[in-house]
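Peer 1: I would like the atomic coordinates for the input below:
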Amino acid sequence: LDFSGLGLTSHHGQALAELLLSNDTVTHLDLSNNDLGDPGAISLIRFLKFTTSLKSLCLRDNCVGVAGAVSLVESIADNNSLVSLTLNDWDMPFQELLGRGEENVLDMSTLGLGQVDAAAISKLIEGNMRAT
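Peer 2: Okay, the predicted model is just below:
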């Protein structure tokens with residue numbers, strides 16, 4: 001589903017999460033270039049905890065801060081279907097950061113990651129025994 005650039009706010013995020021709870025076919029959700037902010041991102045947590053079909057979630061350019069990013073990552077750490085989470089300009093290799101992916105080496109040195117990315121990555125690799 002592509003909902004990018006529609007001017008969605010935190011209120012829309014909550015309504016969207018409610019709608020998506022009854023849908024088990026959505027594999028890609030693009031919410032980029034909206035204004036969900038932390039409240040809108042956090043409202044998606046209920047859907048993200050229960051979905052088994054979603055493979056990628058893009059929240060690029062939504063004013064999601066550290067609190068929203070960490071809350072999202074905490075809520076979906078047990079999600080085995082999500083492969084890619086985009087918070088800023090980087091498609092986060094979600095399963096690899098959790099230690100479940102195929103990659104043995106993730107080079108992030110040239111990505112110019114920001115504070116939100118760092119907080120999310122930190123939370124993801126917290127329990128990853130393979131990360132060094």
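Peer 1: Could you use CA atoms for every contact and neighbour count after this?
Peer 2: Will do.
Peer 1: which stretches of this protein have low pLDDT?
Peer 2: Along the chain, the model assigns pLDDT under 70 to residues 88-113, 124-125, 127-132.
Peer 1: okay, which residue is most central for it?
Peer 2: Nearest to the mean C-alpha position of the chain, by CA atoms, centre = their mean, lies Leu85 at 3.8 Å.
Peer 1: What helices and strands are in contact with the helix or strand in which that one is found?
Peer 2: Element membership of Leu85 [criterion: DSSP states H and E] is strand 84-86. With contacts defined as 3 or more CA pairs under 8 Å, 6 or more residues apart in numbering; DSSP states H and E, the packing partners of strand 84-86 are strand 56-58, strand 91-93, helix 94-97.
Peer 1: repeat that with 6 Å
Peer 2: Packed against strand 84-86 by the contact rule (3 or more CA pairs under 6 Å, 6 or more residues apart in numbering; DSSP states H and E) you find strand 56-58, strand 91-93.
Peer 1: correct me, but the residue nearest to the centre of the chain touches Lys55?
Peer 2: No: between Leu85 and Lys55 there is no contact under CA atoms under 6 Å: 8.7 Å.
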